[in-house]
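J.: Sequence first, predicted model second:
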Amino acid sequence: MTRALIALTSHSDLGTTGRKTGYYVGEAAEPWEVFRAAGYDVDLVSVAGGEPPTDGRDSDDKTQNDFLATAGVTDTPKAADVDPSGYDVIVFAGGHGTMWDFPDDPDLARIARSVYERGGVVAAVCHGPSALVNLTLSDGARLIAGKRVAGFTNDEEAAVGLTDAVPFLLADKLAEAGAQHVPAPNFTEHVVVDGRLVTGQNPQSARALAEAVVKLRG
């Protein structure tokens, strides 16, 4: 059985705005649903463990409600405690919180490196690719160097009014890490597959991201 791990941020403060953030619920719930429908065993992980903070929840969305009720979000293991050896896929769900705790978390990097180097798929959606900006493989090379990627665009960050709130602009940082950031029009479904790296631009891309992963796994 294919095993997938969905990684969630534990960061709740939206910079100095006084507002709260976390993981974008749909960006975890939709891959969770797609993977389960494909027969995958799906687990969650967060940076700090426990119940991670949420953002962007739609209380009328059945997929999100099912996810929150049954996926184990109230007691996630922390990344430091996860053995990556059994996983074939890791998905970094987005939400602005990821911009603070994903890029430099050594255990998320350890898990993703292990999955990728054993022939698995690394995927990330919206702000989730922040986990990839500093991610290196065992030989020291950046995983995303020379690869085509999607991620929340500078235009989209401006559209939601958070250009000055985030610690960096994701599209710029992906490019600085050697990736080719491939943008699409704001808030449209957009997924880029480059080998075993699958990335999506925004919340609208979460389901298609997961479907691309399933297709890639065969």
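T.: Right, received. Where do you want to start?

J.: Going along the chain, name the strands of the chain.
T.: 3-8, 23-24, 41-46, 54-55, 89-92, 121-125, 148-149, 180-181, 191-194, 197-200 (DSSP state E).

J.: Each with direction, which strands does the fifth one pair with?
T.: Going back to what we said before, that points to strand 89-92. strand 3-8 (parallel), strand 121-125 (parallel) (DSSP bridges).

J.: Take the last one, keep the C-alpha atoms, and write them as PDB.
T.: Put plainly, it is strand 121-125. Listed next in PDB are the C-alpha coordinates belonging to strand 121-125 (Å, rounded to 0.1, in the frame of the first residue of the first chain):
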ATOM      1  CA  VAL A 121       7.300  11.900  -4.500                       C
ATOM      2  CA  VAL A 122       7.700  15.300  -2.900                       C
ATOM      3  CA  ALA A 123       4.700  17.600  -3.400                       C
ATOM      4  CA  ALA A 124       3.800  21.100  -2.100                       C
ATOM      5  CA  VAL A 125       1.000  23.500  -2.700                       C
END
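
J.: quick check: mean pLDDT across that strand?
T.: Strand 121-125 comes out with an average pLDDT of 99.

J.: One more: the longest one?
T.: Across strand 3-8, pLDDT averages out at 99.

J.: likewise stretch 96-115?
T.: On average, stretch 96-115 scores 98.

J.: Would you mind measuring the gap between the ends of it?
T.: Stretch 96-115 has an end-to-end distance of 24 Å (C-alpha to C-alpha, to the nearest Å).

J.: next one: stretch 161-173
T.: 19 Å.

J.: Contacts made by it with the rest, please.
T.: Stretch 161-173 has contacts (C-beta atoms under 8 Å, 6 or more residues apart in numbering) with 14-17, 96, 99-100, 103, 127, 129-130, 133, 151-154, 157, 181, 183. Using the backbone N, CA and C atoms, a C-beta is placed for each residue, glycine as well.

J.: ok, 10 Å please
T.: 14-17, 19, 21, 94, 96, 98-100, 103, 126-130, 132-134, 149-158, 160, 175-176, 179, 181-183, 201 (C-beta atoms under 10 Å, 6 or more residues apart in numbering).

J.: Show me the residues you listed that map onto helices.
T.: Counting by DSSP state H, the contacts of stretch 161-173 place T98, M99, W100, N154, D155, E156, E157, A158, A175, E176 in helices.

J.: Name the nearest of these relative to R110.
T.: T98 (16.9 Å; C-beta to C-beta).

J.: Return the distance of that closest one relative to T2.
T.: 24 Å (C-beta to C-beta, to the nearest Å).

J.: Who has more neighbours out of the two?
T.: T98 (33 against 18; other C-beta atoms under 10 Å).

J.: right, and that one touches V47 too?
T.: Yes: contact criterion C-beta atoms under 10 Å: T98 and V47 qualify, at 9.0 Å.

J.: Name the residues contacting each of these two.
T.: A7, L8, T9, S10, H11, D105, L108, A131.

J.: Specify which member of those residues is nearest to V25.
T.: L8 (9.7 Å).

J.: Just list the residues touching that closest one, thanks.
T.: L8 touches 22-25, 27-28, 44-48, 51-54, 73, 76, 79, 91-95, 97-98, 101-102, 128, counting by C-beta under 10 Å, 6+ apart.

J.: Please check these and keep the buried ones.
T.: Burial by neighbour count, judged by 16 or more other C-beta atoms under 10 Å, picks out 22-25, 27-28, 44-48, 52-54, 73, 76, 79, 91-95, 97-98, 101-102, 128 from those.
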